[in-house]
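Novice: Here you go, sequence then predicted model.
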Amino acid sequence: RRRMAALLLRVAALAAPVPTFLVDIGIGACAGAVGAFAVYPIDYTKTLLQTKDGARFGGFAGAAGAILRDGGPVGFYRGCGVQLLGVAPEKTIKLTVNDAMRGALTQAMGGGALPVAGEILAGMTAGACQVVVTNPLEVIKVGLQTDPLRRPGLQLLRDEIGLAGLYRGAPACMLRDASFSAILFPCYAHAKEALAAAGHAGPAGLALAGMLAAAPAAFFTTPADVVKTRIQQLGGDAGPPAVSPPRPPPPLPAPLPARSEVGGATPNLLRAVQSFRRVLSSSAATSPSATAGARPARAGMDYKTSPEYKTSEYKTSEDTTREYKTRPAGAVTPGTRRGAAGIPAEG
């Protein structure tokens with residue numbers, strides 16, 4: 001019975017209604033995360049164009065191409081984790097403060113519909129309050145997007161930004177967020193009512209109302225966003241290189257050797273072959289099997305005067321070597337032909 005009672009209590013706790021503000025926060029966080037992830041490549045490209053040297057990219061297509069060459073398709077989402085991390089607290093602060101301000105202003109004005117000025121003031125207050133969370137995340141995100149060394153977020157925070165640098169550019173960020181919310185909330189409320197009156201009250205009408213409200217808000221707050229980005233970007237060239245690094249030129253072919261360098265190649269080769277052959281012949285001649293029946297050589301006898309030398313191939317090879325050495329430069333002996341670059345080649 002005790003176990004059954006405990007199980008029923010757990011089921012009843014799960015079935016209890018969730019507070020409305022938690023539902024609103026969850027819905028806002030999920031919607032904001034999906035939207036931030038979907039448009040993050042555009043945000044990354046926009047940040048590169050807004051940097052001090054953004055003109056070197058030559059426009060949106062050039063910046064997007066530089067990101068693609070540097071990191072591939074995945075490179076468009078560098079720093080996206082920081083953006084997703086700040087979505088939930090940002091939406092929580094913005095929606096909560098906006099609703100609280102609208103309620104307070106409505107009561108202060110004696111009830112009824114809130115005028116446009118009150119809507120603008122409520123949205124401006126909400127945007128200004130969210131800077132407490134958004135500016136540190138914006139500093140890290142812009143740092144990740146513009147760091148030419150591609151360091152991780154924690155290393156970037158430790159080496160470059162520091163705790164005191166998390167609120168660098170906060171006035172420009174506050175001006176951007178306050179102006180954005182001051183335009184967004186009133187425009188969205190009135191666009192939604194106008195579309196509902198025209199018969200477009202479904203999800204498509206809400207999406208269209210959001211687009212109609214966000215477009216002027218983004219357009220009019222771009223100058224403040226540019227100032228914020230240039231304050232928060234890291235030093236040096238921001239982001240990937242604008243163009244692909246030039247390829248090194250192909251190596252030049254090795255020059256043909258001069259004639260003087262190869263003129264004695266054939267004699268040298270013949271000398272090396274003959275020297276190697278003499279070594280082998282002398283080794284074979286001094287072996288026990290070769291000297292068993294051989295006659296001893298006469299003392300002082302020159303091998304060149306022997307009858308065997310005059311008819312052997314040794315004399316022929318030495319005569320050929322002498323002929324190469326004494327031949328005039330550029331002469332062509334019979335039995336030879338000229339090769340490339342006028343170098344005689346063996347026929």
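Specialist: That came through fine.
Novice: Show me where this structure has its strands.
Specialist: For the chain, applying DSSP state E gives strands covering 336-338, 344-346.
Novice: Next, count neighbours for the nearest residue to Tyr167 once chain neighbours are set aside.
Specialist: Spatial nearest neighbour of Tyr167, chain neighbours left out: Asn135 (5.6 Å); criterion: Cβ to Cβ, 6 or more residues apart in numbering. To be clear about C-beta, it is placed using only N, CA and C from the backbone, and glycine gets the same treatment. By other Cβ atoms under 10 Å, 23 other residues sit near Asn135.
Novice: do the same with Cys129
Specialist: So Cys129, with other Cβ under 10 Å, has 21 neighbours.
Novice: Check Gly110 too.
Specialist: Counted with other Cβ under 10 Å, Gly110 comes out at 6.
Novice: Please apply the same query to His190.
Specialist: Neighbours of His190 (other Cβ under 10 Å): 15.
Novice: do Gly35 as well
Specialist: With neighbours defined by other Cβ under 10 Å, the count for Gly35 comes to 13.
Novice: so how far is Lys91 from it?
Specialist: Distance, Gly35 to Lys91, using Cβ to Cβ, to the nearest Å: 10 Å.
Novice: returning to that earlier point: enumerate every residue touching the residue nearest to Tyr167.
Specialist: Residues counted as contacts of Asn135 (Cβ atoms under 8 Å, 6 or more residues apart in numbering) are 166-167, 169-170, 173-174.
Novice: Taking the residues you listed together, which two end up most distant?
Specialist: The span of these, defined through Cβ to Cβ, is set by Leu166 and Met174 at 14.2 Å.
Novice: and the two? which has more neighbours close in?
Specialist: More neighbours surround Met174 than the other of Leu166 and Met174, with 21 against 15 (other Cβ under 10 Å).
Novice: how close does the more buried one sit to Ala224?
Specialist: On the measure of Cβ to Cβ, Met174 and Ala224 end up 9 Å apart.
Novice: likewise Tyr44?
Specialist: Distance from Tyr44 to Ala224, by Cβ to Cβ: 19 Å.
Novice: Could you do Thr92 as well?
Specialist: Taking Cβ to Cβ, one finds Thr92 at 23 Å from Ala224.
Novice: Over to Glu160?
Specialist: Glu160 is 23 Å from Ala224, by Cβ to Cβ.
Novice: Equivalent analysis for Ala113, please.
Specialist: Taking Cβ to Cβ, one finds Ala113 at 30 Å from Ala224.
Novice: what do you get for Lys46?
Specialist: Separation of Lys46 from Ala224 (Cβ to Cβ) stands at 14 Å.
Novice: is it true that Leu212 touches Lys192?
Specialist: No. Applying Cβ atoms under 8 Å as the test, Leu212 and Lys192 come out as separate, 9.3 Å apart.
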